[in-house]
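K.L.:
Kindly return the folded structure for what I paste below:
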Amino acid sequence: MEEKQSYSKSFFYFLKEQVFDILSLLRKEIFPPFQDSFRSVYSNVWLSFALIIGFGIRSYYLSQPMRYDESVTFLEFVNGNLQSLFYYPYPNNHVLHTLFVKFVTLVLGANPISIRLTAFLAGIGCIPLIFSLCRQQKQSGIFAALAISVFPYLVFYSTNARGYTLLVLLTLLLTSVGPQAVKTPSNAGAILISLIASLGILTMPSMLYPIAGLYFWLVISLLIHKRDFKIIFYKFIIPCGLFTGIFSLILYTPVMIASHGIETIINNSYLKPQEWSEFLRQLDPHIKSTLSDIFRDIPGFLIFYFTILVLIGIFNYIKKRDLSSLLLLPSMLLGSAIVLFLQHQIPFERTWIFIIPFIILVADAGFTLIIEYLSPRMNRYLMLVTFLAAMIFTRSLISSNTIARYPDTGIFSEAPIAAKFLKSKITKKQPKFVFESKTPATEPILFYLWYYGVPIEFADNNSLHSNTIYIVEKSHYSLKDMTDKPVIKIFTIDDMEVYQGEGTE
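P.N.:
Numbers count the residues shown, from 1 in each chain. Now for the predicted structure:
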């Protein structure tokens, strides 16, 4: 008994010591570089402009019709009991994001804007975070902040109630905190890094890709700064790996309880390894498709300018002999590739969204080198032109409503219209609607029916109800794919047709 008490006291003192060490680390190593990033009034003015642009364009797209994935997330996981928040039948539940959405909707009520607020704020938060990261690497940060604020792919996922921008935010935070936390490898630094990493894993398991890249980069950075490998191994590699695993296990414990085990987390159909021949066959098209998705709707001349800046940025790192910064992007790519090949399963293209800020980071290094060679007057002109270009690009994206038409995560813009039409059909004789099957088009409609307070239920496929509803998305499937029962068409608009079981008044 005394021995157990002794162990408990020792463990308590160990935890207490680590908490004090982490607080000391934050105060002495983490916060000062972050605060120093915002000491330049001139740079802060341009950062403010970037934040205004980023806030403006994201606000415009915040009220676009709910999509398939975010509708499923809300209806199945957010809008339920405590257990549903942690239920993980498939990767659609980005748990940490789901928890934030639940909190926000409890406070503000559930509507498309409040449901998307977590992703929106995470997207906005990426702007000052990448600015700070650039400043810590002795770069301008202004180009990076403006680029992040208007990058279409990032704008889209900032207005989509999924965990992708939260993952990007945590990845940038880990990149910013990591080098400061491991200047002198310690348990406190490893715990802090592991906490951020495990929160990313709780958001979605694909956080393992950036974690692998960043941990690899941190080890290389320590070796570049001539840290003894034995110290790196025992004070960083082992503790970080151990703590990341322990914290992730603790955070996923409610998920495993709610999901009745770990099987759906580690062995779902989206994670099962493919045959090597199939994996390798799909790899090249996947890379091309990912690049096409990420850089879509960015004019060719801007991509060319961006590419030139990346090349100049690489030259700038070499010129300054800044090997640590030079190897950040390659480390991210190599670490991610290692995880990808170990898993040998082609992921969704959007999985690689976390790479975008690191490409922009290199481009900002190129921009920084250019302004170093310009006179103060020309420097101001270049800043003004860059800002105006961001404004013009923003206006173009808004006027064309381009981002709202992205097919990613399932688009069905007619959903609110269909829901309002069905609501108008509710009568005493027909107090509710029955849906026979779920389709990508159905889920957004179900969300809006819930939002408008329309009762719904799902029918047995072998039965016919006069109030059974069939939603047809003409560009993807036909009525014959859903039923061969007698129906009548009750509504049609654009890409949508709505049918109802025959016999309805």
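K.L.:
Skipping adjacent residues, who's closest to E497 in space?
P.N.:
Leaving aside its chain neighbours, E497 sits nearest to V472 (4.3 Å; criterion: C-beta to C-beta, 6 or more residues apart in numbering). Any C-beta I mention is one placed from the backbone N, CA and C, and that applies to glycine too.
K.L.:
any idea how far that neighbour is from I196?
P.N.:
Going from V472 to I196 by C-beta to C-beta, to the nearest Å gives 45 Å.
K.L.:
Could you do T409 as well?
P.N.:
26 Å.
K.L.:
next one: V498
P.N.:
47 Å.
K.L.:
What of I346?
P.N.:
For I346, the distance to I196 - C-beta to C-beta - is 27 Å.
K.L.:
Nearest to the spatial middle of the chain, which residue is it?
P.N.:
Nearest to the mean C-alpha position of the chain, by C-alpha atoms, centre = their mean, lies Y164 at 1.0 Å.
K.L.:
Verify the stated contact: that residue with E349.
P.N.:
No. Using C-beta atoms under 8 Å, Y164 makes no contact with E349, being 11.3 Å away.
K.L.:
Okay, now the unreliable bits of the stretch 401-505 of the chain?
P.N.:
428-432, 436-439, 458-467, 503-505 (pLDDT under 70).
K.L.:
Which helix or strand contains S114?
P.N.:
Here S114 sits within helix 112-136, counting by DSSP states H and E.
K.L.:
Skip ahead from that helix and say which helix or strand is next.
P.N.:
Following helix 112-136 toward the C-terminus (DSSP H and E): helix 142-150.
K.L.:
packing partners for the helix or strand following that next one?
P.N.:
Once the chain leaves helix 142-150, the next helix or strand it forms, by DSSP H and E, is helix 152-158. Applying 3 or more C-beta pairs under 8 Å, 6 or more residues apart in numbering; DSSP states H and E, one finds that helix 152-158 contacts helix 41-61, helix 112-136, helix 164-181.
K.L.:
Could you measure from the residue lying closest to I246 once chain neighbours are set aside over to F354?
P.N.:
Leaving aside its chain neighbours, I246 sits nearest to S194 (7.9 Å; criterion: C-beta to C-beta, 6+ apart). From S194 across to F354, the span is 18 Å (C-beta to C-beta).
K.L.:
neighbour-wise, which of the two wins?
P.N.:
Neighbour count, other C-beta atoms under 10 Å: between S194 and F354, F354 has more, with 26 against 23.
K.L.:
surely the more buried one meets L169?
P.N.:
No. Using C-beta under 8 Å, F354 is not in contact with L169, being 9.7 Å away.
K.L.:
Report the set of residues contacting both of the two.
P.N.:
Shared contacts of F354 and L169 (C-beta atoms under 8 Å, 6 or more residues apart in numbering): none.
K.L.:
what about the helices in the stretch 351-500 of the chain?
P.N.:
Counting by DSSP state H, counting those that start in this stretch, the stretch 351-500 of the chain has helices at residues 356-372, 376-400, 415-424, 442-451.
K.L.:
So which bits of the helix or strand containing L329 are buried?
P.N.:
Element membership of L329, judged by DSSP H and E, is helix 328-343. Buried residues in helix 328-343, defined by neighbour count with 16 or more other C-beta atoms under 10 Å: 328-329, 331-333, 335-336, 339-340, 343.
K.L.:
give the contact list for the closest residue to Y157 other than its chain neighbours.
P.N.:
Once flanking residues are discounted, Y157 sits nearest to Y164: 4.3 Å by C-beta to C-beta, 6+ apart. Contacts for Y164 (C-beta under 8 Å, 6+ apart) come out as 119, 157, 350, 353.
K.L.:
Pick out whichever of the residues you listed sits closest to F233.
P.N.:
Checking the contacts of Y164 against F233 by C-beta to C-beta gives I353 as the nearest, at 31.8 Å.
K.L.:
what's around the closest one, how many residues?
P.N.:
So I353, with other C-beta under 10 Å, has 23 neighbours.
K.L.:
separation between it and Y164?
P.N.:
In terms of C-beta to C-beta, I353 sits 5 Å off from Y164.
K.L.:
list residues touching both of the two?
P.N.:
With C-beta under 8 Å, 6+ apart as the test, I353 and Y164 both reach Y157.
K.L.:
rewinding a little: could you dump the helices of the stretch 351-500 of the chain into CSV and include mean neighbour count?
P.N.:
Below are those laid out as CSV (neighbours: other C-beta atoms under 10 Å):
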stretch, mean neighbour count
helix 356-372, 22
helix 376-400, 14
helix 415-424, 18
helix 442-451, 24
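K.L.:
For the ones you listed, could you give me JSON lines that also reports distance to L242?
P.N.:
Putting the helices of the stretch 351-500 of the chain into JSON lines (distance: least, C-beta to C-beta, whole Å) gives the following:
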{"stretch": "helix 356-372", "distance to L242": "26"}
{"stretch": "helix 376-400", "distance to L242": "44"}
{"stretch": "helix 415-424", "distance to L242": "46"}
{"stretch": "helix 442-451", "distance to L242": "40"}
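K.L.:
So which of those is nearest H97?
P.N.:
Nearest of the helices of the stretch 351-500 of the chain (C-beta to C-beta): helix 442-451, 16.7 Å.
K.L.:
before we move on, back to that, have a look at the buried residues of helix 328-343 and tell me the least confident one.
P.N.:
For the buried residues of helix 328-343, the model is least confident at Q343; its pLDDT is 91.
K.L.:
That one against P273, yeah?
P.N.:
Yes. Using C-beta under 8 Å, Q343 is in contact with P273, at 6.2 Å.
K.L.:
So what touches stretch 68-78?
P.N.:
Taking C-beta under 8 Å, 6+ apart as the rule, stretch 68-78 contacts 66, 84-85, 87, 92-94, 98, 101-102, 105, 110, 115-116, 160-162, 409-412, 440-441, 443-444, 446-447, 450.
K.L.:
about what we covered before: how far does the helix holding S114 sit from its chain's centre?
P.N.:
10 Å (C-alpha atoms, centre = their mean, to the nearest Å).
K.L.:
So what's the model's average confidence on it?
P.N.:
97.
K.L.:
Packing partners of it?
P.N.:
helix 31-36, helix 41-61, helix 95-108, helix 142-150, helix 152-158, helix 164-181, helix 356-372.
K.L.:
Outside of the longest one itself, list whatever touches it.
P.N.:
In this structure, residues lying in contact with helix 41-61 by C-beta under 8 Å, 6+ apart are 38, 120, 123-124, 127-128, 131, 135, 140-142, 145-146, 148-150, 155-156, 158-159, 383, 387, 390-391, 394, 397-398, 403-404.
K.L.:
And the next helix or strand past that helix?
P.N.:
helix 68-72.
K.L.:
Past that next one, which element shows up next along the chain?
P.N.:
With secondary structure assigned by DSSP H and E, helix 68-72 is succeeded by helix 82-86.
K.L.:
Thought I303 was touching F295, still the case?
P.N.:
Yes. Counting by C-beta under 8 Å, F295 does reach I303; the two are 6.0 Å apart.
K.L.:
which of the two has more neighbours?
P.N.:
Comparing F295 with I303 by neighbour count (other C-beta under 10 Å), the higher total belongs to F295, at 17 against 11.
K.L.:
That one: what's it in contact with?
P.N.:
153, 303.
K.L.:
Look up how far I356 lies from it.
P.N.:
9 Å.
K.L.:
got it, and V385?
P.N.:
In terms of C-beta to C-beta, V385 sits 23 Å off from I356.
K.L.:
Check R67 too.
P.N.:
20 Å.
K.L.:
same check, this time on P91
P.N.:
21 Å.
K.L.:
ok, now I303?
P.N.:
Taking C-beta to C-beta, one finds I303 at 13 Å from I356.
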